[in-house]
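Undergrad: Okay, predicted coordinates and the sequence, questions at the end:
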Amino acid sequence: MARSRTRPGLKTLLSLVVLLLALAGILAGGTIAGQASWAPKLALDLEGGTQMILAPKVAGGSQINQEQLNQAVEIIRQRVDGSGVSEAEISTQSGRNVVVSLPGTPSAETRQLIQASADMNFRPVLVAGNPAAVPAEQRTPADQLPKPTAAPANASDTNWITADVYQQFEALDCTGALPETTQRSDPSKPLVTCETAGSGAGAVKYILGPVEVLGTEIAGSSFQLQQGRQGAVTNEWAVNIQFNDSGTEKFKAVTQRLNGFYVANQNDPKAQFAIVLDDKVISAPRSLAVITDGRPQITGNFTEATAKTLSDQLRYGALPISFEIQSEEQISATLGSQQLEMGLLAGGIGLLLVVIYSLFQYRALGFVTIASLVVAGVLTYLAIAILGWTENYRLSLAGVAGLIVAIGQTADSFIVYFERIRDELREGRGLVSAVENGWKRAKRTVLASKAVNLLAAVVLYFVAVGNVRGFAFTLGLTAIADLLVVFMFTHPMLQVLARTRFFGEGHRFSGLDPERLGAVPLYRGAGRLREASEAAKANLRPKNAAAAREAGRRMTIAERRAAEAERARVSSPAGRASRADGRSEEEN
């Protein structure tokens, strides 16, 4: 009984179809549920939105300075980004007001977040744990949950941990983005929260005790390189805090208690003191000594940038500044729409040129390039639409520019692959073998190229600000989509086409015609030559002189010398006589 064999490439093509259907199904489900849309979300420059001018209000009627205003802008930006509103524009105006431009119409909660003052305080750590939520089946049974045995003696007393608090702690997930809320925790009660500085795989979640020191009791902060015991400056950064008189006394009492935990067990989480901004931990250092002068120093794995950020947060994070909306107006996307039309026109022209070049250079093989670009476009579109639904990603004009630039980069991958195949055909291999050998050579180049593109996009995304990040994001996204298409569509499709008569026999319109590629007799080593095909011999005719010259340029020195020797032998009297004898024998 004959065993059926699946054609190479068909299984991979089927996997790609399943992937596209799965993405389309996810988006369709979100659309049916009323939570998603088939159209990508657009950013401020393409959709328009709301522009609010905020006037700061300082407690006591004092004036706000430029440093305070800049820090207020940074706090608003963190809140807006944390609430899921992407591509927002936040800037200062006239050194006094803050201008916030948001795509679409902001919700009431977003407005409250923007207007609210920052809240910073210091709380002792009771429990520190893994950032991931504990699976429901592994959570502590109700009869084993903590039960306070007495009233808490101080803020570090574990009697603050009730059954409800511990259940919140186990259910909390700190591995994803932390949502912003307008409600602040009760300073007299414990708090379950995450550390924002390490959100993701390195994050930590905490149960914190009540507030013991207020952020308003910080007189100042700075950052500098640490000094060793001998006064020599090291290469490690540190953050310095200075408390006022009230804060100094409170902090002294707190560090006496926390340092006792540290002396007893250096790994005890109760030796830590959490700095909390808007109910999220920004740092949780250990108390290595009793601080009596109100001038603690925070050390750790700081860079200059992270040390400056923490110093600014400490200095301005608790500023009693709130904002009132002075004016609010809808802004249109007329300019962005015009630029989008011009950008799409430029992209269309570029795509048309790629199609014309592909068909001219590769004949029917060019349709594989066109189909690959279509698949890459569908994959990218679905990804952007799903990210708009799940992550509130908005496509800006800069992002559209990244998609247009990616057309050329995507076509490059196909051209590299096709040229490797044609090189293999010039060496005399059959199409099936040429496809496999060409793929082995091409995929290394494609992977290296896309790795460079992806690295450039990642670096640009993290060092840039504003709309440039949208450009970097789409550039990286299309690089990933390109790899998927090349591996899951272009190569498998050529594996299938190589076994068809049209391509396999090298039809003159297939783009794989040996006569056009200039296939010639090849040197095989040890003085052996492989006989040229009729198509290869045709390259010696004047009408194929260009193809012959191209084949000659691609020969190695050994191959060229062997070919010259073969031509000399064939054209010699002995060679002609030998061929004549061979024909006579065939006729007989």
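TA: Sure, I can see it. Numbering: from 1, shown residues only.

Undergrad: Quick check: end-to-end length of stretch 105-121?
TA: 33 Å (C-alpha to C-alpha, to the nearest Å).

Undergrad: Give the rounded mean pLDDT of stretch 506-519.
TA: For stretch 506-519, the mean pLDDT works out to 74.

Undergrad: Tell me where the stretch 51-200 of the chain has strands.
TA: Taking DSSP state E, counting those that start in this stretch as the test, the strands found in the stretch 51-200 of the chain are 89-93, 97-103, 120-129, 191-194.

Undergrad: out of these, nearest to Ile321?
TA: Closest to Ile321 of the strands of the stretch 51-200 of the chain, according to C-beta to C-beta: strand 97-103, at 10.1 Å. Any C-beta I mention is one placed from the backbone N, CA and C, and that applies to glycine too.

Undergrad: Partner strands of the closest one and their direction?
TA: Sheet pairing of strand 97-103 (DSSP bridges) gives strand 49-58 (antiparallel), strand 89-93 (antiparallel).

Undergrad: Mind checking these for the one nearest to Phe261?
TA: Closest among the strands paired with strand 97-103, using C-beta to C-beta: strand 49-58, at 38.3 Å.

Undergrad: Quick one: list the elements packing against the helix or strand in which Val435 is found.
TA: According to DSSP states H and E, Val435 maps onto helix 431-463. On a contact count with 3 or more C-beta pairs under 8 Å, 6 or more residues apart in numbering; DSSP states H and E, helix 431-463 meets helix 397-426, helix 467-485, helix 491-497, helix 501-504.

Undergrad: residues of it that come out buried?
TA: Across helix 431-463, burial judged by 16 or more other C-beta atoms under 10 Å covers 431, 434-439, 442-443, 446, 449-450, 453-454, 457, 460-461.

Undergrad: do stretch 286-295 as well
TA: Residues of stretch 286-295 classed as buried: 286-288, 291, 294 (neighbour count, 16+ other C-beta under 10 Å).

Undergrad: okay, these in JSON lines with distance to Val98, pLDDT and secondary structure next?
TA: Below are those laid out as JSON lines (distance: C-beta to C-beta, whole Å; pLDDT from 0 to 100; DSSP: H, G, I helix; E, B strand; the rest coil):
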{"residue": "Arg286", "distance to Val98": "37", "pLDDT": "91", "secondary structure": "strand"}
{"residue": "Ser287", "distance to Val98": "37", "pLDDT": "90", "secondary structure": "coil"}
{"residue": "Leu288", "distance to Val98": "39", "pLDDT": "89", "secondary structure": "coil"}
{"residue": "Ile291", "distance to Val98": "36", "pLDDT": "91", "secondary structure": "coil"}
{"residue": "Gly294", "distance to Val98": "32", "pLDDT": "89", "secondary structure": "coil"}
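
Undergrad: List just the one of the helices and strands packed on helix 431-463 that sits closest to Val239.
TA: Closest approach to Val239 among the helices and strands packed on helix 431-463 (C-beta to C-beta): helix 467-485, 27.3 Å.

Undergrad: Show me what the mean pLDDT comes to for that closest one.
TA: The pLDDT scores in helix 467-485 average 90.

Undergrad: got the angle for that helix vs strand 89-93?
TA: 170 degrees (axes from the mean of the first three to the mean of the last three C-alpha atoms, to 10 degrees).

Undergrad: other SSEs contacting helix 467-485?
TA: Applying 3+ C-beta pairs under 8 Å, 6+ apart, one finds that helix 467-485 contacts helix 366-390, helix 397-426, helix 431-463.

Undergrad: what's that helix in contact with?
TA: Helix 467-485 is contacted from outside by 16, 19, 43, 45, 87, 372, 375-376, 379-380, 383-384, 393, 395-403, 405-406, 409-410, 413, 446-447, 450, 453-454, 456-458, 460-461, 464, using C-beta atoms under 8 Å, 6 or more residues apart in numbering.

Undergrad: Which among those count as buried?
TA: Among these, those buried by neighbour count (16+ other C-beta under 10 Å) are 16, 43, 45, 87, 372, 375-376, 379-380, 383-384, 393, 395-403, 405-406, 410, 413, 446, 450, 453-454, 457, 460-461.

Undergrad: Could you check how far Ser332 is from Val400?
TA: Shown here: Ser332 relative to Val400, a distance of 18 Å by C-beta to C-beta, to the nearest Å.

Undergrad: Tell me which helix or strand in this structure has the weakest average pLDDT.
TA: strand 523-525 (a mean of 36; mean pLDDT, DSSP states H and E).

Undergrad: Does the residue nearest to Lys57 when sequence neighbours are not counted lie in a helix or a strand, and which?
TA: Nearest non-adjacent residue to Lys57, counting by C-beta to C-beta, 6 or more residues apart in numbering: Ser322, 5.1 Å away. Per DSSP H and E, Ser322 falls inside strand 321-331.

Undergrad: Name the residues of the helix or strand just after that strand that come out as buried.
TA: Where DSSP H and E defines the elements, the next helix or strand beyond strand 321-331 is helix 334-362. Applying a neighbour-count criterion of 16+ other C-beta under 10 Å, one finds 336-337, 339-340, 343, 347, 351, 354-355, 358-359, 362 buried in helix 334-362.

Undergrad: quick one: least confident of those?
TA: When those are compared by pLDDT, Gly336 scores lowest at 63.

Undergrad: before we move on, the earlier item: which one of the strands paired with strand 97-103 has the most crowded surroundings?
TA: The highest mean neighbour count among the strands paired with strand 97-103, using mean count of other C-beta atoms under 10 Å, belongs to strand 49-58: a mean of 18.

Undergrad: contact partners of that one?
TA: With contact meaning C-beta under 8 Å, 6+ apart, strand 49-58 is reached by 64, 69, 72, 76, 93, 96-106, 111, 114-115, 319-331.

Undergrad: Mind checking which of these are buried?
TA: Buried members of the contacts of strand 49-58, scored by 16+ other C-beta under 10 Å, are 64, 69, 72, 76, 97-103, 106, 111, 114-115, 319, 321-323, 331.

Undergrad: Give me the neighbour count for Leu23.
TA: 17 (other C-beta atoms under 10 Å).

Undergrad: Give me the pLDDT value at the closest residue to it other than its chain neighbours.
TA: Of all residues not flanking Leu23 in the chain, Leu382 sits nearest, at 4.3 Å (C-beta to C-beta, 6+ apart). Leu382 carries a pLDDT score of 94 in this model.

Undergrad: residue contacts, Leu382?
TA: So Leu382 contacts 20, 23-24, 27 (C-beta under 8 Å, 6+ apart).

Undergrad: Could you rerun that using 7 Å?
TA: Residues counted as contacts of Leu382 (C-beta atoms under 7 Å, 6 or more residues apart in numbering) are 23-24, 27.

Undergrad: Helices - which of the residues you listed land there?
TA: Those of these mapping onto helices are 23-24, 27, per DSSP state H.

Undergrad: Could you dump those residues into TSV with distance to Lys270 and pLDDT added?
TA: Output for the ones in helices among the contacts of Leu382, formatted as TSV (distance: C-beta to C-beta, whole Å; pLDDT from 0 to 100):
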residue	distance to Lys270	pLDDT
Leu23	48	94
Ala24	52	94
Leu27	48	93
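
Undergrad: from these, which is closest to Asp164?
TA: Comparing these against Asp164 with C-beta to C-beta picks out Leu27 as the nearest, at 38.4 Å.

Undergrad: give me the number of residues near that closest one?
TA: 20.

Undergrad: surely it meets Ile386?
TA: Yes. Contact criterion C-beta atoms under 7 Å: Leu27 and Ile386 qualify, at 5.6 Å.

Undergrad: one step back: closest to Thr149 among the buried residues of stretch 286-295?
TA: Ser287 (25.8 Å).

Undergrad: Grab the nearest non-local neighbour of that closest one.
TA: Spatial nearest neighbour of Ser287, excluding adjacent residues (C-beta to C-beta, 6+ apart): Leu258 at 3.7 Å.
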